[in-house]
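In: this one's structure only:
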């Protein structure tokens, strides 16, 4: 369960504006976070607080596969990203590094910048405390929940025992 | 159950008789790719989690192409980290400056990707190899690290959109115009999470370079991959490049598609994508007067020999407009050499272009052609997002090599 202030953006937020390529000469998380969102919201790094929530429209995280983008968002203190839809590579990357994300068009439509929102990860319930409304996001499949619960993809692989190919459809 | 081409390749690599859209599978990988920007993040993850060896040193490719030749000390340090890792792990396909080319031009050229294979790359344009009938998709660095460690990746089996191609392209129209037309029609999330499956009698009229360009930008429509059937054109390209045996997998006749979009190739017009999304397309007759300051001809989208040939044909005997810097970047050392042999380099230089060693450089605003505030560039690259090539108030117009070269001469967006 997290509660935070909303930073709201529109459709097609691409990973170039989340973290411009001119800063990709480092993999240092703190250096990346220092430039997070700077090409669409120069004030973001100054106003973001630990636990805040990022909200976007359709196709959030489109473009480059750079994992530096979800890393920069997570490192800047954002506790969860809620969007109408996510671009598929960003979706994978966020799950793989343990940045919580939720899809809900309804919730995004009902949330404005600056609203106080709380998210229950177990149930997928999103509550807009400012407006007194509540929404239900689509829960993750069990396989993805397992990756998140393990602390990311690589941690989940370490836990996994070797499997025969015939067992793979149990995923 | 009948399956699409993508679904059949995924099923074969998951060891399953069939797969359905939405199903989560674990597939074995034939190639894992990374570059000098994404690999350091993957290497850090790989080492932090205590992995000490890669699953197969012949099935990993590391290509130093983005900020190379090293643009600054930090970039040099990232390449150094990749180089050390590649040597320690005895990675066979490590391409450093002097051997490297832009990864998605290089891997097909070297025969490192083949039909029926499953390939992941920590670079979104890894979808390029769908042109050769492979399932190939971009992932992040953690997926790359997991792929290097285990030789496997998880996938959600995608639904498919079929693009049924008929007819033949008109002169001065290429693969770039086809894919820009498609993205302009369906939007930048028009194929989100799905596979784009190109079929129909028009396929045989598209060259491999056209197909590589089309598959390359499938990601720009949000797609997981963009795949072509394997035909004589493919096999001719693969001959002499791919020595190992490969499987020609084709879609089942009764495979299910979410929808079919019919495209008559003869109707495709030269197309430009205006800032700041690849879906903002206009045909050349709708462009109006747009003065420009820079042209970039190159990238994983349009840096191949046929692109250089189109540009050379236009630059021959002409001069780049005095207000324009024209930057030509052959995508690989082989393309560069061929340009020398065929006299293209001399044509470019005589016209007033600068010709660069292979690099992704300007495409992502790295180096080798950054834009100042208010500047406009026509680029044969793949993205025109805010700030993509430099200042947040600069603009990138995406087009094929014919429009790019013509625009360099005219000083404004044009087609000779």
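Out: Perfect, thanks for sending it. All values derive from a computational prediction rather than experimental measurement.
In: So the nearest residue to residue B:284 once chain neighbours are set aside versus chain A, what's the distance?
Out: Spatial nearest neighbour of residue B:284, excluding adjacent residues (C-beta to C-beta, 6 or more residues apart in numbering or on different chains): residue B:270 at 4.3 Å. From N, CA and C alone the C-beta is placed, and that goes for glycine too. Distance, residue B:270 to chain A, by C-beta to the nearest C-beta, to the nearest Å: 24 Å.
In: Look up how far residue B:260 lies from residue B:270.
Out: Between residue B:270 and residue B:260 the computed distance is 25 Å (C-beta to C-beta, to the nearest Å).
In: How about residue B:62?
Out: 39 Å.
In: All the helices of the chain, residue numbers only.
Out: Here I'm looking at chain A. Along chain A, counting by DSSP state H, helices occupy A:15-18, A:29-33, A:44-47, A:68-75, A:88-97, A:105-109, A:142-150, A:153-159.
In: The intended chain is chain B.
Out: Ranges of helices in chain B, per DSSP H, are B:5-14, B:38-48, B:73-89, B:103-109, B:141-150, B:175-186, B:208-216, B:232-238, B:299-302, B:305-315, B:333-341, B:344-351, B:401-410.
In: Can you say which of these is nearest to residue A:93?
Out: Closest approach to residue A:93 among the helices of chain B is made by helix B:141-150 (6.8 Å; C-beta to C-beta).
In: hmm, back to that, okay, the helices of chain A in JSON lines with mean pLDDT and mean neighbour count next?
Out: Listed next are the helices of chain A as JSON lines, based on pLDDT from 0 to 100; neighbours: other C-beta atoms under 10 Å in any protein chain shown:
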{"stretch": "helix A:15-18", "mean pLDDT": "98", "mean neighbour count": "27"}
{"stretch": "helix A:29-33", "mean pLDDT": "97", "mean neighbour count": "18"}
{"stretch": "helix A:44-47", "mean pLDDT": "98", "mean neighbour count": "14"}
{"stretch": "helix A:68-75", "mean pLDDT": "97", "mean neighbour count": "26"}
{"stretch": "helix A:88-97", "mean pLDDT": "96", "mean neighbour count": "26"}
{"stretch": "helix A:105-109", "mean pLDDT": "98", "mean neighbour count": "17"}
{"stretch": "helix A:142-150", "mean pLDDT": "83", "mean neighbour count": "16"}
{"stretch": "helix A:153-159", "mean pLDDT": "84", "mean neighbour count": "18"}
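In: Between residue B:62 and residue B:260, which has more neighbouring residues?
Out: Taking other C-beta atoms under 10 Å in any protein chain shown, residue B:62 and residue B:260 do not tie; residue B:62 has more neighbours (30 against 13).
In: State the distance from that one to chain A.
Out: 15 Å.
In: Could you measure from the single nearest residue of chain B relative to chain A over to residue B:25?
Out: Residue of chain B nearest chain A, by C-beta to the nearest C-beta: residue B:15 (3.1 Å). Distance of residue B:15 to residue B:25, given as C-beta to C-beta: 9 Å.
In: okay, those two: which has more neighbours?
Out: residue B:25 (22 against 16).
In: Tell me how many other residues crowd the closest residue to residue B:27 other than its chain neighbours.
Out: Spatially, and ignoring its direct neighbours in sequence, residue B:27 is nearest to residue B:13 (3.9 Å; C-beta to C-beta, 6+ apart). By the measure other C-beta under 10 Å, the count of residues near residue B:13 is 24.
In: just residue A:77 next, same as before
Out: Neighbours of residue A:77 (other C-beta under 10 Å): 15.
In: show me the contacts for residue B:31.
Out: B:59-61, B:107, B:112-113, B:117, B:119-121 (C-beta atoms under 8 Å, 6 or more residues apart in numbering or on different chains).
In: if we go to 6 Å?
Out: B:59, B:119 (C-beta atoms under 6 Å, 6 or more residues apart in numbering or on different chains).
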